[in-house]
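Here is my input; please provide its structure:
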Amino acid sequence: MSTTTVPKRQQNCPECGNRITHDERRAEQVCTGCGLVIADEQVDHGPEWRDFEDGEDRSRVGAPRDPTRHDNGLSTTVGTPGRGGAWSPGMSAERQRQFSRMQKHHQRAQTASSADKSIRAGSLEIERIRSALGLPENVEETAAMLFKRATKDGVLYGWSIERMAAACVIGAARMAEIPLPMVKVVEVTQESKCSIRGPLQDLQDEYNIQGGVPEPREYLPRIASDIDSSNNLLETARELLSTAADAEPTSVHGKDPVCVVSGALYAAGRIRGDGPDQREIASAAQVCVKSVRTHYKNLLRVTGREHLID
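Predicted coordinates:
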């Protein structure tokens with residue numbers, strides 16, 4: 001029997017004066033001398049023997065809310081055989097069929113309305129996109145909350161779940177100031193840029209998402225790494241973008257940042273006399289060669305290096 005000594009004010013038995021202990025298993029206060037039960041059904045306000053997160057803090061209130069789940073992680077599940085569920089190997093066939101029906105009805109009850117079904121499908125799609133792109137979990141949480149709110153407010157109407165989920169991920173990444181090229185989302189969703197821009201614009205208009213498009217320089221390290229460029233080339237491209245932004249802000253801002261960075265890297269190679277060709281940069285950045293050519297010429301013109309344009 002596991003026991004702990006009770007607080008000092010309750011240490012003496014009123015009958016024999018011996019020490020009182022607390023039986024945690026039975027929730028009773030018992031005298032160690034005469035066995036008198038001083039109190040029963042005591043509520044233990046201490047930590048529970050369960051831990052839903054890494055660390056020492058334990059809680060009786062169960063797992064925290066999970067915004068990435070369509071039901072915030074508050075619902076229960078009926079397990080399946082062989083996966084730690086409630087079905088035992090010796091269960092009769094009739095009992096197994098009964099549990100199977102219970103499981104089916106339970107799943108239907110969790111998504112009773114069409115909105116619940118849409119939110120569940122959207123949450124799964126957002127989780128898949130986040131995992132494929134290696135984004136942090138806070139982006140998934142924000143995207144899931146955006147999707148739920150958009151569904152309940154009717155912003156989802158007219159757009160497919162896949163397109164809306166992709167737009168929510170991009171919007172969440174912008175709110176977190178994480179550079180996420182739309183082309184990367186296109187790769188893992190099989191959607192086109194045009195099909196994602198529509199719902200993304202609706203989200204920005206409806207919820208006033210202020211994250212904005214990341215600065216082109218935030219894309220520099222990733223694209224430069226993909227083409228194995230040197231640190232000197234990267235630094236030259238960074239200085240070129242800064243100079244161009246000061247001389248003519250519209251040459252850098254308000255345009256596709258990936259295209260601007262692609263042009264800056266090629267222009268930096270022209271300045272230094274070495275560097276990758278246009279096709280190699282276009283392939284790494286997943287833009288067309290024409291975009292690289294257009295932006296590199298514009299950056300060199302703005303910074304007074306027209307003689308380097310071929």
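
Tell me where the model's unsure across the stretch 151-300 of the chain.
Counting by pLDDT under 70, the ranges of the stretch 151-300 of the chain that qualify are 211-213.

what do you get if the cut-off is 80, keeping everything else the same?
Applying pLDDT under 80 to the stretch 151-300 of the chain picks out residues 156, 210-214, 254.

That one: strands as residue ranges?
Here the stretch 151-300 of the chain has no strands by DSSP state E, counting those that start in this stretch.

quick one, phi/psi of P181?
In terms of degrees, to the nearest 10, the main-chain angles of P181 are phi -60, psi 140.

Please name the nearest non-neighbouring residue to it.
The shortest distance from P181 to any non-neighbouring residue, by C-beta to C-beta, 6 or more residues apart in numbering, is to V258 (4.9 Å). In short, each C-beta sits where N, CA and C put it, glycine included.

any idea how far the residue nearest the centre of the chain lies from H106?
When C-alpha atoms, centre = their mean is applied to the chain, the residue found nearest the centroid is E140 (2.0 Å). According to C-beta to C-beta, to the nearest Å, E140 and H106 sit 25 Å apart.

One more: A285?
With distances taken as C-beta to C-beta, A285 is found 48 Å from H106.

between these two, which one's more packed in?
Neighbours were counted for A285 and for H106 using other C-beta atoms under 10 Å; A285 has more, 24 against 13.

what sits against the more buried one?
Applying C-beta atoms under 8 Å, 6 or more residues apart in numbering, we find A285 in contact with 223, 226, 258-259, 261-262, 292.

Pick out whichever of the residues you listed sits closest to G273.
V292 (18.0 Å; C-beta to C-beta).

On the pLDDT front, check R130 for me.
Looking at R130, its pLDDT is 93.

just the one 3 residues further on next, same as before
Reading off the per-residue confidence, L133 sits at a pLDDT of 93.

That one: neighbour count?
Neighbours of L133 using other C-beta under 10 Å come to 16.

Double-check it against V186; I have them as touching.
No: the criterion here is C-beta atoms under 8 Å, and L133 misses it with V186 at 11.2 Å.

quick one: contacts for the nearest residue to C13 once chain neighbours are set aside?
Leaving aside its sequence neighbours, C13 sits nearest to C31 (C-beta to C-beta, 6+ apart; 3.8 Å). Going by C-beta under 8 Å, 6+ apart, C31 touches 13, 15-16, 18-20, 37-38.

from the residues you listed, which is closest to N298?
The closest of the contacts of C31 to N298 turns out to be I20 (C-beta to C-beta; 84.8 Å).

So that closest one lies in a helix, does it not?
No: counting by DSSP: H, G, I helix; E, B strand; the rest coil, one finds I20 to be strand, located in no helix.

Contacts only, for V188.
Applying C-beta under 8 Å, 6+ apart to V188 gives the contacts 128-129, 132-133.
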